[in-house]
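Participant: sequence first, predicted model second:
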Amino acid sequence: MAEDLVSSLERSLQSCITLLGVDSLEKLKSQNIDNKAGVEAAISRFLECAKQLEEDFLKKQAYVRVQHPDESLKQEISQLRMEIKQKEEVLGKLSEKVSNWTKVVDDLQRKQKLETDLANGIMPNFPS
């Protein structure tokens, strides 16, 4: 049944593309919109086929969850681990950026203090 749905989806997509191509050529030639109803019908058919295919996938997914709950849990755990890994990578990158910006701010504060001290006639203490 899924193959029928996929084939139906492919045929409806090909129909949309064909009609849109014809529609584009007609618009270039004479600005004619006679093909509009056909294009709309083809797009509606494509959307209906896509909905049917999605429903079929959801039914199969629900069946697998009921019949093989361990597999579903393993998949979910695997997805969560991947998510955690990605988030840890993002946190690591953000931590590096924060560290770099902290250094920049510290350097700017030191420079500003040095300039302020020099302007006030205070000799800075440089470590030996």
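Facilitator: Cool, got the structure.
Participant: now the helix or strand where residue 105 lies: average pLDDT?
Facilitator: Residue 105 is located in helix 69-119, with elements delineated by DSSP states H and E. For helix 69-119, mean pLDDT rounds to 95.
Participant: helices and strands around that helix, which ones?
Facilitator: Using 3 or more Cβ pairs under 8 Å, 6 or more residues apart in numbering; DSSP states H and E, the elements in contact with helix 69-119 are helix 36-67. Backbone N, C-alpha and C define where each C-beta goes, glycine included.
Participant: let's see it at 6 Å
Facilitator: Helices and strands touching helix 69-119, as assessed by 3 or more Cβ pairs under 6 Å, 6 or more residues apart in numbering; DSSP states H and E, are absent.
Participant: can you count the residues close to the residue lying closest to residue 53 once chain neighbours are set aside?
Facilitator: Among residues not flanking residue 53 along the chain, residue 5 sits closest, at 4.5 Å (Cβ to Cβ, 6 or more residues apart in numbering). Look at residue 5: counted by other Cβ atoms under 10 Å, it has 17 neighbours.
Participant: separation between residue 5 and residue 50?
Facilitator: Relative to residue 50, residue 5 is positioned 9 Å away (Cβ to Cβ, to the nearest Å).
Participant: C-alpha coordinates for stretch 12-22, CSV please?
Facilitator: Extracted C-alpha coordinates of stretch 12-22, given in CSV (Å, rounded to 0.1, in the frame of the first residue of the first chain):
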residue,chain,number,x,y,z
SER,A,12,0.7,13.9,-8.8
LEU,A,13,4.0,15.8,-8.4
GLN,A,14,4.9,15.1,-12.1
SER,A,15,1.5,16.4,-13.0
CYS,A,16,2.0,19.6,-11.0
ILE,A,17,5.4,20.2,-12.6
THR,A,18,4.1,19.6,-16.1
LEU,A,19,1.1,21.9,-15.6
LEU,A,20,3.2,24.6,-14.0
GLY,A,21,5.7,24.4,-16.9
VAL,A,22,2.8,24.8,-19.4
